[in-house]
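Asker: The amino acid sequence is not available; the structure is as follows:
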């Protein structure tokens, strides 16, 4: 896999260089995908359509029917494939569909394929959305 690097999402500083820390490889890609999925639609200036806004959909997701979820997955696919060129979106599923009400959160698993890997390595990122 080619080296992937991004700024640390929390903008923490490196204690040695006193510069902004960086995320590498899978962590950088997972951070980017999380950012795409949690950013509200059109929240990012000059990038119309960017974002899915999953965090703002907490109450919709706890009562979402399957056909609505299909549209949400499609929106995630479009955004990830458009704004994260290092991967190809594969799937998104709710891990705790039967226990969302009891858990108080929605656990999503987003699966993707790394484009730069020789054998199309499949990886995933888990996102937990809690009530605000």
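Answerer: Perfect, I can see it now. Every value quoted in this text rests on a predicted model; they were computed, and no experiment measured them. Numbers count the residues shown, from 1 in each chain.

Asker: Mind telling me what element the residue nearest to the spatial centre of the chain is part of?
Answerer: Closest to where the C-alpha atoms of the chain average out (C-alpha atoms, centre = their mean) is residue 34, at 2.7 Å. Here residue 34 sits within helix 25-38, counting by DSSP states H and E.

Asker: who does that helix touch, helix- and strand-wise?
Answerer: strand 5-7, helix 66-83, strand 105-114, strand 122-130 (3 or more C-beta pairs under 8 Å, 6 or more residues apart in numbering; DSSP states H and E). C-beta here means a position set from N, CA and C on the backbone, and glycine is covered the same way.

Asker: Run the chain-centre distance for it.
Answerer: 5 Å (C-alpha atoms, centre = their mean, to the nearest Å).

Asker: Could you give me the buried positions within it?
Answerer: 27-38 (16 or more other C-beta atoms under 10 Å).

Asker: Please convert those to a markdown table, extending it with distance to residue 51 and pLDDT.
Answerer: As requested, the buried residues of helix 25-38 are arranged in a markdown table below (distance: C-beta to C-beta, whole Å; pLDDT from 0 to 100):
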| residue | distance to residue 51 | pLDDT |
| --- | --- | --- |
| 27 | 21 | 86 |
| 28 | 18 | 87 |
| 29 | 17 | 91 |
| 30 | 17 | 92 |
| 31 | 15 | 92 |
| 32 | 12 | 92 |
| 33 | 12 | 95 |
| 34 | 11 | 94 |
| 35 | 9 | 93 |
| 36 | 6 | 95 |
| 37 | 8 | 96 |
| 38 | 8 | 94 |
